[in-house]
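Colleague: the sequence isn't on hand, but the structure is:
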């Protein structure tokens, strides 16, 4: 019953909080390519992530892993807030418009359509998506427990995903 | 990567897993390599990333209201407050450096607060009143000491409650800064207030004051939401509130809250908290008569607690699993589970936890009315606790052992064990002599009053714990 995990050292925490230029650039590039978030906003989200790491250092086991995951989550929330046409920054500066932005009405319509399509896709695909997004299970593990190695089921999942993304295009 | 079937392009499921950060490092590397030279897959990825975002929004709205009344203070997770405008890179870097330095000092200083928490309540108050909360490192120290105390609350819920209430008094006395300071930007006072309410609520949960715990949980949720809005803090409040609701006989919303918390822990990679949420889900499911799902939840948490050496949580999950099996009428399976765990946990290295596991087994056997076996398990637990100097638990296990011998009709043995118990209690001055005499009277004669014995065992157990906890400070 020996542990495979130990608490992070001060050095590991410091590396994750301060981040060298290369790590920082990589995360900023990730935010830009995945979410369309510009560099200033990404830097700010990184800083908020670092502060969150310090506020939770008593429970964090892998500072770098935590930083990536929380940064990713913060990017998602940032995008959601922007998509919902909310003011994220308290300054008077308007956020830069990107291809991701849509009006509130379009967003609502699209969500409704997505909900409707979700009701019609195969049950195995729906189960995997619900297990991941609602229950927080891993996509891979859920897929493995459902014996997705079977190519017929595999093709069905991919077909369903194509239908779902089609309603967002 | 089983999904990457096409030699030319990546399939949608693989790309969705990439977008959802669900790939391991090797898989991610292979996908990165492919994406470097494939514009078609990049286009599909962009579309799947949008799908990922929309699914998260849908899931959040779904999980936010499932099973919770719209008027429930926990119906929706508070949204993060608007952030200040992005600052120049140099300023941001100096903020991070200041925060890191203060955090390092805070780790060191939190030891002093934890030591003060072991003194009397008045000494603790005096100590806290001298803390300069305008200083960022002091704020971190207070935060970490409360977080640490919460993690080890099983050791002394009363002490945790005392620290939380004293911290709340101290925070109330602090004047809020008229203009935003660096300390307020990094670790706002309302976040400390939220943490103190959370700790107070955890303490009340342990002492069974569920109504009073409720108010503290609501305050913690509100203050965390209004200050940093960190989703992890909010999820931790939801986790403990879910447990409170299960204990308070309201498991359906408890299950929803635990599920919501678990999704956040999974998203942020806090697998030990994810396992804790699984246990709370299991407790709620047990109370909803969904025993099979509860068993799955408890079993899935065990390897995580074992991996992180979280023995308190491990024992809690094992005992919940044993109780659930007992409720399902699968006593033999419960025995096998305990036997397997007792083979796994080393008695030499983890004697204290072996004591708790044996005690859990004894309680399951007791509830199943296998009194003779329960008496033997309580006896073993009692010896283990006594050898480790855990006198309160040793004496409480002895009390139950005596009741078990009486319940299975071995009154002579019950009387013999009671004599030993009486000697030990007197030696430690751990129990009011009046209740000892009442117990003796209930156990005496040819036809002992078993109902009276049961009632006295319960109240004597509570008194023992209170008395010895007071003595140990």
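Modeller: Structure's in. What do you need? The structure displayed is predicted, hence computed values, not measured ones.

Colleague: switch to C-alpha atoms for all contacts and neighbour counts from now on
Modeller: Will do.

Colleague: what sits against residue B:79?
Modeller: Neighbouring residues of residue B:79 by Cα atoms under 8 Å, 6 or more residues apart in numbering or on different chains: B:225, B:229.

Colleague: what is the neighbour count of residue B:459?
Modeller: 11 (other Cα atoms under 10 Å in any protein chain shown).

Colleague: show the pLDDT at it.
Modeller: pLDDT recorded at residue B:459 is 87.

Colleague: a strand runs through it, doesn't it?
Modeller: No: applying DSSP: H, G, I helix; E, B strand; the rest coil, one finds residue B:459 to be helix, outside a strand.

Colleague: next structured bit after the worst-scoring helix or strand of chain A on mean pLDDT?
Modeller: Here the helix or strand of chain A ranked lowest by mean pLDDT, DSSP states H and E is helix A:104-120, holding a mean of 61. Sequence order places helix A:123-133 as the next helix or strand after helix A:104-120, per DSSP states H and E.

Colleague: against residue A:43, how distant is the residue in chain B that chain A sits nearest to?
Modeller: Relative to chain A, the nearest point of chain B is residue B:263 (4.3 Å; Cα to the nearest Cα). According to Cα to Cα, to the nearest Å, residue B:263 stands 26 Å off from residue A:43.

Colleague: picking up where we left off before, touching, the residue of chain B closest to chain A and residue A:134? I think so.
Modeller: Yes: the pair residue B:263 and residue A:134 qualifies as a contact (Cα atoms under 8 Å) at a distance of 6.8 Å.

Colleague: between the two, which has more neighbouring residues?
Modeller: Neighbour totals were compared for residue B:263 and residue A:134, and residue B:263 leads with 25 against 21 (other Cα under 10 Å).

Colleague: and the more buried one, what element?
Modeller: helix B:251-267.

Colleague: do residue B:244 as well
Modeller: helix B:231-247.

Colleague: and for residue B:75?
Modeller: Using DSSP H and E, no helix or strand contains residue B:75.

Colleague: pretty sure it is touching residue B:218, no?
Modeller: No: in this structure, residue B:75 is not within contact of residue B:218 by Cα under 8 Å, at 11.4 Å.

Colleague: and the helix ranked longest in chain A with chain B, contact?
Modeller: Determined from DSSP state H, the single longest helix within chain A is helix A:63-83. Yes: interface with chain B: helix A:63-83 contributes A:65, A:66, A:69, A:70, A:73, A:76, A:80 (Cα under 8 Å from any Cα of the partner chain).

Colleague: residues near the third one, how many?
Modeller: Around residue A:69 sit 19 other residues, with neighbours defined as other Cα under 10 Å.

Colleague: tell me who's in contact with it.
Modeller: Contacts of residue A:69 (Cα under 8 Å, 6+ apart): B:267, B:268, B:269.

Colleague: try it again with 10 Å
Modeller: Neighbour list for residue A:69: A:49, A:63, A:75, B:21, B:266, B:267, B:268, B:269, B:270 [criterion: Cα atoms under 10 Å, 6 or more residues apart in numbering or on different chains].

Colleague: the first one too?
Modeller: If you count contacts by Cα under 10 Å, 6+ apart, residue A:65 has them with A:16, A:71, B:268, B:269, B:270.

Colleague: TSV for these, including pLDDT and neighbour count?
Modeller: Listed next are these as TSV, based on pLDDT from 0 to 100; neighbours: other Cα atoms under 10 Å in any protein chain shown:
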residue	pLDDT	neighbour count
A:16	87	23
A:71	91	24
B:268	88	22
B:269	88	20
B:270	93	20
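
Colleague: buried subset of the residues of helix A:63-83 next to chain B?
Modeller: Taking 16 or more other Cα atoms under 10 Å in any protein chain shown as the criterion, what is buried in those is A:66, A:69, A:70, A:73, A:76, A:80.

Colleague: next, format the residues you listed as JSON lines and append pLDDT.
Modeller: JSON lines is the format used below for those (pLDDT from 0 to 100):
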{"residue": "A:66", "pLDDT": "92"}
{"residue": "A:69", "pLDDT": "90"}
{"residue": "A:70", "pLDDT": "91"}
{"residue": "A:73", "pLDDT": "86"}
{"residue": "A:76", "pLDDT": "81"}
{"residue": "A:80", "pLDDT": "69"}
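
Colleague: and of those, the nearest to residue B:434?
Modeller: residue A:66 (55.9 Å; Cα to Cα).

Colleague: isn't that closest one up against residue A:51?
Modeller: No: if you go by Cα atoms under 10 Å, residue A:66 and residue A:51 don't touch, sitting 11.9 Å apart.
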